[in-house]
Structures are given as structure tokens and as C-alpha cells.
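>>> Here is a sequence with its predicted model. Questions after.
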Amino acid sequence: MKICFATNNTNKIYEVQNLLGDSVELVSLESIGCFEELPETQDTIPANSAQKAQYVWQHFGVPCFADDSGLEVEALNGAPGVHSAYYGGLPRNNDNNIALLLSNLESHTNRNAQFRTCITLVTKHGEWQFEGTIQGTILSDKRGEKGFGYDPVFMPQGYDKTFAEMEIEQKNTISHRAIAVKKFIEFLQKNLNLL
Ligand code: ITT
């Protein structure tokens, strides 16, 4: 049973394949002949993830799933959200993203935020979505060197470390991405007939 993971990040493919076991074989975009940039023009994370998965299904006819993630800050009405990767401008730069985020939050006492991941699965039988979120707060200064993106300023609820201060294994068991991937894998293992 083969399914395409619509990402160019081979680490993500490897990670999910490990969690899935060998009942399903994940294949890359390259291996199905998809070399173009996938469209991501929607204004929500779930819609962007669906757009990528639908694109692969419609152009290549291969069962497929895609993920999209971002940071949603309450006081900024959900920004940076779908624009998380290049919030501080292009080309993408984590330091610029964090600098703009902290500057936009300067006058706010509400520092609540969440990371969100949405995975969309598309097969000939339909479309399914799996979400993972983790609540936390945005600190005023960066702490820690690990992880990526907004990790140095995001402290998950119930922890006294930022994502960037946590060991990667710990982040990977509690993160928005881990929650969404777990839901997706549980669904897939019970519904292999949908592929
Ligand atoms: P793809 O090529 O797989 O799309 P990406 O960097 O765009 O990689 P995501 O769609 O998962 O990754 O996330 C978009 C942005 O949201 C990402 O560039 C970060 O700025 C931020 N982000 C997502 N997950 C994060 C995490 O776990 N920690 C910190 N920042 C995160």
C-alpha cells in the first residue's frame, strides 16, 4: 500500500514512516514525478494543507497527505497563522519573524498563543483532516537554542521551558505536529481499505 507525503522535507517522511510501521509505504513527491512547487495560497492552515493534498491527488492520482503548521497568537487575532514561515519578510528568516512578533506584542499583556498543525489525507474515497494544537505563551525574550521557528519564545502550558530549551524528543512527544500525526496514523491503521 503506497501513499505520498506531500513534503520536500525528507526528515518528515522518515519520521512518519517510522511511526507507521511497514503496513503502508510512504513515497516522496519526487518519486511520483512531482517536481513543481505545491500551491499554498489559502488563508487558513487547514485550507492550505487541503490545497496541497488535493493538488497531488488531482494531478498525479496518488493517495496523498499534506501538512501545514503555524503559530496563532490570541492578541494578534490569530497572526502570524498561515504566514508564520515568512512573517518577518522574504526570504524566510526565524530571527526576523520573532523580532516582528515581539514588537507587535509589545503593548499587549495577553501573551496566549497556540501552535497548530493540520494534516489532510486525500484518496479516491474522499478527504479527511487531523488537527493538533498546543497552547502556550509568548515570552518577551528568546530562551534556548534547540528546535526551529518560534520555539525560543514559545513556552507550552504546564512547562517551565520553551520549546527551544526542551530536548527534541520531549518536544516531539507533546507538540502540535506529534498530536496531529498520532491522530492521522491511528486513522490510517484502522482504515487501510481507504487507500
Ligand atoms: P514545509 O516545507 O514542510 O512546508 P515549513 O517550514 O513551511 O516546512 P510548516 O508548514 O510546518 O513548516 O510551518 C510553517 C512555519 O510555522 C514554520 O516555518 C515556523 O516558522 C512555524 N512553525 C511551525 N511549527 C513550528 C514548531 O514546531 N516550532 C516553531 N515554529 C514552528
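Okay, I see it.
>>> who are the neighbours in contact with the most centrally placed residue in the chain?
The centroid of the chain falls nearest to Ser69 when counting by Cα atoms, centre = their mean (3.0 Å). By Cβ atoms under 8 Å, 6 or more residues apart in numbering, Ser69 lies in contact with 45, 84, 115-118, 176-177. Where C-beta positions appear, they are placed from N, C-alpha and C, glycine not excepted.
>>> Please flag which of those residues sit within strands.
115-118 (DSSP state E).
>>> Which positions in this structure make contact with the ligand?
Proximity of the chain to the ligand (Cβ under 6 Å from any ligand atom) is limited to residues 7-9, 68-71, 84-85, 97, 115, 147-151, 163, 175, 177.
>>> if we go to 8 Å?
Contact residues, the chain versus the ligand (Cβ under 8 Å from any ligand atom): 7-9, 12, 40, 67-71, 80, 84-87, 92, 94, 97, 115, 117, 147-151, 154, 163, 171, 175-177.
>>> From the residues you listed, list just the buried residues.
Buried residues within the residues of the chain next to the ligand, counting neighbours by 16 or more other Cβ atoms under 10 Å: 7, 67-71, 80, 84-85, 87, 94, 97, 115, 117, 147, 149-151, 154, 163, 171, 175-177.
>>> show me where the protein has strands.
In the chain, the strands defined using DSSP E lie at 2-5, 25-27, 64-73, 112-123, 126-138, 154-156.
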